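# Got a sequence here, can you model it:
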Amino acid sequence: MQLKPLARSLAVALSIVVIAGCSSTGGTQDGDSYGSQDGSSMGSSTSGVGTSGQYGSTSGSGAAGQQADSRIPEVRTIYFDYDRDTIKSEYESVVMAHARYLRANPNARVVLHGHTDERGTREYNMALGERRAGAVQRFLNTQGVSPSQMSVVSYGEERPAVSGQNESAYSQNRRVVFNY
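Purely as a prediction, here's the structure:
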């Protein structure tokens, strides 16, 4: 039966992929990255422009850049545009602060909770919440955070932060929450 050698080969290949993924730092010591998920470049030495037009700017680091690596960053929620799973440029500094914390604390673990507003089917919203949390996970991974430190959970529309059927409520429900 050929299944056993195939399974063994698959296990070896998977192990090599995991080890190769864990050995990559994905950026420099100061948190700059050489590329992001959408193929745009970020960092002070590049001039790439992403969908928001603000990649490569260092002015957005603000207080999050001053966050001590030994403390969990205070801002633990980032918000998304309607029906989108891309991280807004205004929240990149927040995600970078979490990346610095997780890199400095290899025993720390975070669960990324993906949420949506109530528009759309339950199934679609569960998938969208997972894509949003996955986008944050990929960003953290490119910044050198170990995949073993992160997990993703989607709640879709099931746990709204704000009740209501207006854009103000919807915008507060389209989010990813960092849960340590």
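
# When you work out contacts or count neighbours from here on, use the C-alpha atoms and nothing else.
Fine.

# which stretches of the protein form helices?
Counting by DSSP state H, residue ranges of the helices within the chain are 3-23, 62-65, 92-104, 122-142, 167-173.

# What ranges in this structure fall below the confidence cut-off?
For the chain, residues meeting the criterion pLDDT under 70 lie at 1-3, 5-68.

# could you redo the last one with a cut-off of 90?
Counting by pLDDT under 90, the chain contains low-confidence ranges at 1-70.

# Quick check: the closest residue to residue 125 other than its chain neighbours vs residue 78, distance?
Leaving aside its chain neighbours, residue 125 sits nearest to residue 156 (4.6 Å; criterion: C-alpha to C-alpha, 6 or more residues apart in numbering). From residue 156 across to residue 78, the span is 15 Å (C-alpha to C-alpha, to the nearest Å).

# do the same with residue 151
16 Å.

# likewise residue 101?
16 Å.

# quick one, what contacts residue 129?
113-116, 153-156, 176 (C-alpha atoms under 8 Å, 6 or more residues apart in numbering).

# Just the closest of these to residue 165, please.
Nearest to residue 165, judged by C-alpha to C-alpha, of the contacts of residue 129 is residue 116 at 12.9 Å.

# Does that closest one touch residue 177 like I think?
No. Between residue 116 and residue 177 no contact is recorded; they are 11.5 Å apart, counting by C-alpha atoms under 8 Å.

# which of those two has more neighbours?
Neighbour count, other C-alpha atoms under 10 Å: between residue 116 and residue 177, residue 116 has more, with 36 against 19.

# Show the contacting residues for that one.
Residue 116 neighbours (C-alpha under 8 Å, 6+ apart): 125-126, 128-129, 155-157, 160, 170, 173-175.
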